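> here are the coordinates; sequence isn't available:
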């Protein structure tokens, strides 16, 4: 009797918190120490543009970002933020300094930012002297931690998506591997104010709602997908293409209903899709209003659309840039990538766990989930195509890894979980764990080299030198461990500001 009580308590806990199991606990145990040693700051042009919406609307009540950019540039000299104030950035239609960042991240950060504002005013009422201007440490820490928390929630959602098709061990190991062996961990805890952590959360939530309601999706689920689809698009415009998942699924459903002459069911589905589209538009209204205020018309600035090349000359290069010159079918004049060394920027080169994850989608196909496997692969390929079409910026020189595929992480996690389950029936689980640790160590070595030890890595991987740099990381980190623990900002190219 006494031995059965713990089991009863565990089953009771499981009934009350069905989402919380040992896999989620493992993820939380990994998450919390990384959050403690994270590096919250606003120190890049992209980050400044995402953040400026909050300070300008809260403290100035407008979208004139000149003073916000100036304050952030002063906090981070020589970071490039000062270039946001150049005359070429002024919109002739409105006279305002431009902001090409979409507004979605600011919307997600708003609760954290306003909570920090409230706490700062309360502390000052008790005698503290914290600048209540949106630029002091509490505000910046709040939004950066907000990004990490959103991404942490996204990891849990991805884990539960994987659990629908794979074991607890495989799902947890796949989630941790994609998280820690790819740029996702970097943009959760190092460059926290980029939009990738927020975008990853929204895509994870969108896919979770889509996946868990397949075959029984009612009005509420379609409404949620519509609102999330709009918010995804407002966070990173290209994330709107994940709405192809329910769109293509809908076409398949219509074809089946029309073949069966099930007219009432087809009309009912059409009504739910109309609700979905209407709520996408409603969710996009803040972004359209922002475009209108800044640019004088409800569309992005020309410098955003000007990056796009329809034939996607670097689609393959975004994955593995064995020859960084434009693809033969695309004629690009004066493409700077012609002079790039090979294998310097591709996503598969920086994060070799990713091709392993994609192979797992074939196992999903073999299980009979052919439509699902095909849709996930298509969603990934559409993002690859789009990133290869971004003209001269596809290579993301200056960024850690190929960050524009971070939002595809839910696809990678499901695929890798399938692959781990398949492999676990053939090799000892310790072998799989060891391989995951090696892939994570590779990524953490790259992070150490990129941030502290070998800054030239920011221009791309340098072969064969990178092998020696990676092996030398433990020794060199010991020399700088005190700064890594207590003065991380001093090790970055830009300081953390005040």
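Received, thanks. None of these values were measured; they are calculated from a predicted model. Residues are numbered from 1 along each chain as shown.
> Going by C-alpha atoms from here, please, whenever you check contacts or count neighbours.
OK.
> What is the end-to-end distance of stretch 191-201?
End-to-end distance for stretch 191-201: 16 Å, by Cα to Cα, to the nearest Å.
> Check the offset of that stretch from the chain's centre.
Between the centre of stretch 191-201 and the centre of its chain there are 5 Å (Cα atoms, centre = their mean, to the nearest Å).
> what do you get for stretch 293-305?
Between the centre of stretch 293-305 and the centre of its chain there are 24 Å (Cα atoms, centre = their mean).
> So what does residue 236 look like in phi/psi?
phi -150, psi 120 (degrees, to the nearest 10).
> again with residue 90
Phi and psi for residue 90, reported as degrees, to the nearest 10, are phi -80, psi 130.
> what are the bridge partners for it, then?
Beta bridges link residue 90 to residue 97, judged by DSSP bridges.
> Surely it is in contact with residue 84?
No - Residue 90 is beyond contact range of residue 84, at 9.1 Å (criterion: Cα atoms under 8 Å).
> Which neighbours do the two have in common?
Jointly contacting residue 90 and residue 84 under the rule Cα atoms under 8 Å, 6 or more residues apart in numbering are 97, 98.
> following the helix or strand encompassing residue 171, which helix or strand comes up?
Take DSSP states H and E as the rule and residue 171 turns out to sit in helix 168-180. Downstream of helix 168-180, the first helix or strand assigned by DSSP H and E is helix 184-189.
> list the contacts for residue 38?
Per Cα under 8 Å, 6+ apart, neighbours of residue 38: 189, 190.
> Would you verify that it is located in a helix?
No - Residue 38 is assigned coil when assessed by DSSP: H, G, I helix; E, B strand; the rest coil, not a helix.
> For it, report the pLDDT, please.
Listed pLDDT for residue 38 reads 95.
> what's the answer for residue 178, then?
What the model reports for residue 178 is a pLDDT of 99.
> Over to residue 130?
According to the prediction, residue 130 has pLDDT 96.
> Pull the contacting residues for it.
If you count contacts by Cα under 8 Å, 6+ apart, residue 130 has them with 120, 123, 124, 136.
> One more: residue 244?
Per Cα under 8 Å, 6+ apart, neighbours of residue 244: residue 379.
> Okay, buried residues for the helix or strand encompassing it please.
In the assignment (DSSP H and E), residue 244 maps to helix 244-259. With burial defined by 16 or more other Cα atoms under 10 Å, the residues of helix 244-259 counted as buried are 245, 246, 254, 257.
> Let me have those in TSV, extended by distance to residue 179 and pLDDT.
Putting the buried residues of helix 244-259 into TSV (distance: Cα to Cα, whole Å; pLDDT from 0 to 100) gives the following:
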residue	distance to residue 179	pLDDT
245	23	97
246	25	97
254	37	94
257	40	91
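> Pick out whichever of the residues you listed sits closest to residue 163.
residue 245 (19.8 Å; Cα to Cα).
> The closest one contacts residue 375, doesn't it?
Yes - counting by Cα under 8 Å, residue 245 does reach residue 375; the two are 6.1 Å apart.
> ok, residues contacting stretch 414-421?
158, 161-162, 165-167, 170-175, 356-361, 363-364, 432.
> Can you say which of those residues are buried?
Here, 16+ other Cα under 10 Å leaves 158, 161-162, 165-167, 170-175, 357-358, 360-361, 363-364, 432 buried among those.
> where in the chain is pLDDT low?
Counting by pLDDT under 70, the chain shows low-confidence ranges at 1-14, 304-307, 391, 481-498.
> In it, which helix is the longest?
Longest helix in the chain by number of residues (criterion: DSSP state H): helix 263-295.
> Pull out the buried positions in that helix.
By 16+ other Cα under 10 Å, the buried positions in helix 263-295 come out as 266, 269, 272-273, 275-277, 279-281, 283-288, 290-295.
> Output the contacting helices and strands for that helix.
Contact partners of helix 263-295 among helices and strands, from 3 or more Cα pairs under 8 Å, 6 or more residues apart in numbering; DSSP states H and E: helix 219-235, helix 244-259.
> go with 7 Å
Judged by 3 or more Cα pairs under 7 Å, 6 or more residues apart in numbering; DSSP states H and E, helix 263-295 is in contact with helix 219-235.
> Dump the buried residues of helix 244-259 to a markdown table, plus distance to residue 329.
Output for the buried residues of helix 244-259, formatted as a markdown table (distance: Cα to Cα, whole Å):
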| residue | distance to residue 329 |
| --- | --- |
| 245 | 28 |
| 246 | 31 |
| 254 | 36 |
| 257 | 40 |
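> and which of those residues is nearest to residue 74?
residue 245 (43.7 Å).
> For that closest one, give me its contacts.
For residue 245, the contacting residues are 375, 379, by Cα atoms under 7 Å, 6 or more residues apart in numbering.
> likewise residue 392?
Residue 392 neighbours (Cα under 7 Å, 6+ apart): residue 335.
> any idea how far it lies from residue 216?
To residue 216, residue 392 is 44 Å away according to Cα to Cα.
> do the same with residue 450
Distance from residue 450 to residue 216, by Cα to Cα: 47 Å.
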